[in-house]
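1. here is a sequence together with a model predicted from it:
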Amino acid sequence: LKVDCLALGMLTVIHRCLDLVNTEQGTNITVNDIPPEDPETFAMIQQADTIGVFQIESRAQMAMLPRLRPACFYDLVIEVAIVRPGPIQGNMVHPYLQRRRGLEQVDYPSKDLEAVLQRTLGVPIFQEQVMQIAMVAAGFSGSEADVLRRSMAAWSRRGGMEHMHQRLVSGMLERGYSEQFAEQIFQQIRGFGEYGFPESHAASFALLVYVSAWLKCHHPAAFTCALLNSQPMGFYQPAQLVQDAQRHGVKVLPADVRYSEWDCTLNCRRAFRPDPGLECRSGLKALLQQDQPALRLGLRMVKVMRREAAERIAAARRERHFTDVQDLTSRAHLDRHDLAVLAEAAALRGLAGHRHRARWEIAAVEKPVDDLLGHAAAECRSGFSRDQQSSADAETLSGLKALSQPPAGSDCGSGFSCDRHPNPESGLKALL
């Protein structure tokens with residue numbers, strides 16, 4: 001018995017997303033409550049609208065989705081397994097797609113092998129099928145089939161397949177199979193040595209594929225929020241995840257010290273209105289009738305922002321709202337570094353205006369007497385040395401030389417903008 005225990009980041013995303021949905025809607029949805037075989041979810045998958053979705057978000061998988069067009073859960077199992085070096089090297093991908101489209105006849109060398117290969121249209125895609133072929137067609141025992149599996153995993157490193165070649169081919173010839181078919185099977189087995197998937201593993205992954213795709217389809221704001229709060233993970237940067245959410249009609253609000261927590265959060269529900277300048281790739285009309293909450297970016301999206309400072313900001317804001325930058329600095333006990341990164345990310349816009357004006361504001365901030373007396377102790381707690389403080393001060397003051405107002409939505413400190421791209425078509429093409 002072989003058991004794989006994997007610590008997958010997508011499990012965290014799904015857990016956080018369901019928590020957000022349940023909190024926002026007052027429900028108690030679990031993975032078991034997600035409806036199976038949802039047509040809207042599969043329509044989205046078939047169009048390769050899968051940024052952020054587990055396993056099928058890579059470029060190779062996204063290129064395969066419109067060709068394979070998964071329409072049920074088992075199609076996802078095959079999708080997960082077929083875009084692997086093993087099936088590709090074993091020349092299994094093209095025959096399977098041709099047979100799936102009805103362009104190539106599905107035939108089986110024998111009734112015994114039909115039982116093994118019927119679910120994959122006569123093409124061996126999974127490791128279990130290779131072991132079954134060896135047992136059914138070549139007379140391998142269970143232990144010999146397990147040796148074959150181990151040899152598949154190690155042949156490229158140790159060259160351990162030649163003795164299996166003779167045993168496999170001779171066994172198939174003795175049972176009436178042609179030499180051409182026997183050699184074809186052996187070459188496919190060698191392809192699995194480049195990494196092929198067990199069916200059980202692919203089925204487990206396919207479940208996470210479907211759940212994450214369903215959440216993206218029906219709760220795009222919560223799904224993107226959970227992805228951002230689980231970074232780093234996956235193929236895409238936060239800016240790309242935010243842009244994808246905006247294409248699906250999610251209103252994304254920038255990081256702001258007046259509203260943002262450390263994590264990204266969901267605001268109250270509002271009308272779902274996709275940006276008219278950007279087309280939703282999935283084209284699902286049902287989604288246009290839903291309401292989606294707005295996504296508020298958290299202070300974790302601000303580059304080099306320290307979590308302890310963000311938590312002090314949130315704690316002070318819960319007592320009462322900030323009146324200006326001086327009030328924020330005093331009550332949240334922020335130093336020059338914290339203020340500089342917040343200004344650069346335009347997170348002080350509600351208190352001090354645009355980024356360049358915010359730099360002037362933080363240069364004029366006076367530290368309270370209590371803070372001055374406790375400055376040395378604060379440095380020890382934060383680990384922010386005098387040299388680092390001087391560097392931050394110098395960086396802040398150097399920024400005051402640039403007084404021109406930046407373009408709207410230019411959040412340089414977070415690495416991306418929440419506003420529309422000036423040229424929507426160019427923005428879409430740049431991502432795709």
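-> Now that the structure is in, tell me what you want to look at.
2. so where's the stretch 151-300 of the chain uncertain?
-> Scanning the stretch 151-300 of the chain with the threshold set as pLDDT under 70 gives 153-162, 192-195, 269-290.
3. what about dumping the CA coordinates of stretch 244-257 to CSV?
-> These are the backbone C-alpha positions of stretch 244-257, laid out as CSV (Å, rounded to 0.1, in the frame of the first residue of the first chain):
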residue,chain,number,x,y,z
ASP,A,244,-8.3,38.3,-13.2
ALA,A,245,-10.8,39.1,-10.4
GLN,A,246,-11.5,42.4,-12.0
ARG,A,247,-12.2,40.8,-15.3
HIS,A,248,-14.8,38.7,-13.5
GLY,A,249,-16.5,41.8,-12.2
VAL,A,250,-15.0,41.9,-8.7
LYS,A,251,-14.6,45.4,-7.3
VAL,A,252,-11.1,45.6,-5.9
LEU,A,253,-10.4,48.3,-3.3
PRO,A,254,-6.8,49.5,-2.6
ALA,A,255,-5.0,49.0,0.7
ASP,A,256,-5.9,51.9,3.0
VAL,A,257,-4.9,52.5,6.6
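4. chain center to it: distance?
-> 17 Å (CA atoms, centre = their mean, to the nearest Å).
5. for that stretch, buried residues please.
-> Of the residues in stretch 244-257, 244-252, 254-257 count as buried by neighbour count, 16 or more other CB atoms under 10 Å. Just so you know, the C-beta spots here come from the backbone N, C-alpha and C atoms, and that holds for glycine as well.
6. and stretch 329-345, by the same measure?
-> Neighbour counts over stretch 329-345 (16+ other CB under 10 Å) mark 329-345 as buried.
7. how about stretch 236-243?
-> Buried residues in stretch 236-243, counted by 16+ other CB under 10 Å: 236, 238, 240, 241, 242, 243.
8. measure the last one to residue 236 for me?
-> Residue 243 is 9 Å from residue 236, where distance means CB to CB, to the nearest Å.
9. where exactly do the strands run in the chain?
-> 252-253, 265-271, 291-296 (DSSP state E).
10. got those as a markdown table, with distance to residue 210 columns?
-> Output for the strands of the chain, formatted as a markdown table (distance: least, CB to CB, whole Å):
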| stretch | distance to residue 210 |
| --- | --- |
| strand 252-253 | 26 |
| strand 265-271 | 23 |
| strand 291-296 | 21 |
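11. ok, which of the ones you listed comes nearest residue 45?
-> The closest of those to residue 45 is strand 291-296. By CB to CB, the value is 19.9 Å.
12. how close does residue 111 get to residue 137?
-> 12 Å.
13. same check on residue 145?
-> Relative to residue 137, residue 145 is positioned 11 Å away (CB to CB).
14. now do residue 87
-> The gap separating residue 87 from residue 137 is 19 Å, by CB to CB.
15. residues in contact with stretch 135-155?
-> With contacts defined as CB atoms under 8 Å, 6 or more residues apart in numbering, stretch 135-155 is touched by 109-110, 112-113, 115-116, 127, 130-132, 134, 160-161, 164, 167-172, 174-175, 177, 182, 185, 189-190, 192-193, 196.
16. buried ones among these?
-> Buried members of the contacts of stretch 135-155, scored by 16+ other CB under 10 Å, are 109, 113, 116, 127, 130-132, 134, 160-161, 164, 167-169, 171-172, 177, 182, 185, 189-190, 192-193, 196.
17. who has more neighbours out of residue 87 and residue 137?
-> A direct count of neighbours by other CB atoms under 10 Å for residue 87 and residue 137 places residue 87 higher, at 25 against 22.
18. where does the stretch 301-432 of the chain have low pLDDT?
-> Residues of the stretch 301-432 of the chain that meet the criterion pLDDT under 70 lie in 367-432.
19. can you pull out the helices in it?
-> 307-319, 325-332, 336-344, 349-352, 355-363, 369-373, 375-382, 386-399, 424-431 (DSSP state H, counting those that start in this stretch).
20. so what secondary structure elements neighbour the fourth one?
-> Spelled out, that is helix 349-352. helix 325-332, helix 355-363 (3 or more CB pairs under 8 Å, 6 or more residues apart in numbering; DSSP states H and E).
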